[in-house]
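Colleague: The following comprises the amino acid sequence and a computationally predicted model.
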Amino acid sequence: MLARSYLFVPANRPERFDKACAAGADAVIVDLEDAVPPADKAAARAALAAWLSPRQPVLVRINGADSEWFEDDLGLCARPGVAGIVLPKAEHEASLAKLAAAGAPAILPLIESGLGLWNAAALARTPRVQRLVFGSIDFSFDMGIQESHETLLYARSQLVLASRVAGVNAPVDGVTTSFDEPERVHADTLRARALGFGGKLCIHPKQVAPVHEAFAPTADEVSWAGRVVAAAEAAQGGAVALDGKMVDRPVILIAQQMLEEAKRRK
């Protein structure tokens, strides 16, 4: 089942690794980049390597390809227990190719710059890329724009389009910085879902539940989908009408997808 929630945990806090994995998120990202001070990078990498186990696979956000720690971080790519690599500030296919050559089973490029967005389609088509991830805060800084739903609408839509054209999974939206406002997390996730995103980054376990709730079809949606599918089956290939409206094939497919999603989330 494709992950909806991705929970970050700092790589220099190994005592939190197991807790993060037990927090209910669909995937855990152990973070060697932003969460770890430069002086602690080597020790954090060693602690993560010692903890990794195939019984509890996690994703690893390594340091950027232009950083001094990148080459050493590559040694984690093929380690048992590493489900995939999140590459920050992804901008060039060559960097992703290095991850694949190092044995990364899956790659999640983090789009955090104008150049990354410009090359998003090419990045998404790179072998072993599972899905794109939006680093909305860094992207806003790089572009010199104020972060808001309106200012980032184009960027988000472009990531959804690039993912679809490349044939990879729906992208993952960026973080909501407030973790004591579940309503805000839920609303942000609903907007991302409406735009075509399939997951969201989380910075605190409290954010996991509202993210999952937002990605699950509501009771009204499931009821509507059931009536659409029933009407289509009753029509036996003929024209379908429901509530005084004609229902065409794309709507029927959406309804079927919604019912499948509700079934998977039970």
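Modeller: Perfect, thanks for sending it. Residues are numbered from 1 along each chain as shown.
Colleague: Which pLDDT value belongs to residue 158?
Modeller: Looking at residue 158, its pLDDT reads 98.
Colleague: start at 30 instead
Modeller: Done: numbering now begins at 30, and the last item shifts to residue 187.
Colleague: Am I right that it is in contact with residue 147?
Modeller: No: using C-beta atoms under 8 Å as the test, residue 187 is too far from residue 147 to be in contact (9.1 Å). Bear in mind the C-beta positions are built from the backbone N, C-alpha and C, glycine included.
Colleague: more crowded one of these two?
Modeller: Under the neighbour definition other C-beta atoms under 10 Å, residue 187 and residue 147 were set side by side, and residue 187 has more, 18 against 13.
Colleague: Please report phi then psi for that one.
Modeller: phi -60, psi -40 (degrees, to the nearest 10).
Colleague: Where does the prediction get shaky in the chain?
Modeller: 247-249, 251-254, 257, 264-268, 273, 293-295 (pLDDT under 70).
Colleague: Contacts only, for residue 98.
Modeller: 61, 70, 71, 74, 91, 92 (C-beta atoms under 8 Å, 6 or more residues apart in numbering).
Colleague: between those, which is nearest residue 163?
Modeller: residue 91 (18.1 Å; C-beta to C-beta).
Colleague: Quick check: nearest residue in space to the closest one, chain neighbours excluded?
Modeller: Spatially, and ignoring its direct neighbours in sequence, residue 91 is nearest to residue 102 (3.7 Å; C-beta to C-beta, 6 or more residues apart in numbering).
Colleague: OK, contacts around that neighbour?
Modeller: 61, 74, 89, 91, 92.
Colleague: Just to be sure, the third one is in a strand?
Modeller: I take that to be residue 89. Yes: under DSSP: H, G, I helix; E, B strand; the rest coil, residue 89 sits within a strand.
Colleague: Quick check: it vs residue 243, distance?
Modeller: 26 Å (C-beta to C-beta, to the nearest Å).
Colleague: These two: which is more packed in?
Modeller: Neighbour comparison, residue 89 and residue 243: the larger count goes to residue 89, with 27 against 20 (by other C-beta under 10 Å).
Colleague: from what I can see the more buried one touches residue 116, true?
Modeller: No: using C-beta under 8 Å, residue 89 makes no contact with residue 116, being 9.9 Å away.
Colleague: Quick one: the helices in the stretch 30-179 of the chain, in order.
Modeller: 46-50, 70-80, 99-102, 122-130, 143-147, 149-153, 165-172 (DSSP state H, counting those that start in this stretch).
Colleague: Compare the ones you listed and give me the one nearest residue 32.
Modeller: helix 46-50 (13.1 Å).
Colleague: got a list of contacts for that closest one?
Modeller: 36, 38, 57, 59, 77, 80, 85, 87, 234.
Colleague: mind running it again at 6 Å?
Modeller: 36, 38, 57, 80, 85 (C-beta atoms under 6 Å, 6 or more residues apart in numbering).
Colleague: Greatest separation within the residues you listed: which pair is it?
Modeller: 36 and 80 (15.9 Å).
Colleague: ok, the two, which is more surrounded?
Modeller: residue 36 (25 against 15).
Colleague: Who does the more buried one form a beta bridge with?
Modeller: residue 57, residue 231 (DSSP bridges).
Colleague: what sits against it?
Modeller: Applying C-beta under 6 Å, 6+ apart, the residues near residue 36 are 49, 52, 54, 57, 231.
Colleague: mind running it again at 10 Å?
Modeller: Contacts for residue 36 (C-beta atoms under 10 Å, 6 or more residues apart in numbering) come out as 49-50, 52-59, 87-88, 230-234, 236-237, 240.
Colleague: Setting aside sequence neighbours, what's the nearest residue to residue 71?
Modeller: Residue 71 sits nearest to residue 101 (C-beta to C-beta, 6+ apart), 7.4 Å away.
Colleague: count of neighbours near that neighbour?
Modeller: So residue 101, with other C-beta under 10 Å, has 15 neighbours.
Colleague: where's it relative to residue 272, distance?
Modeller: Relative to residue 272, and taking C-beta to C-beta, residue 101 is found at 60 Å.
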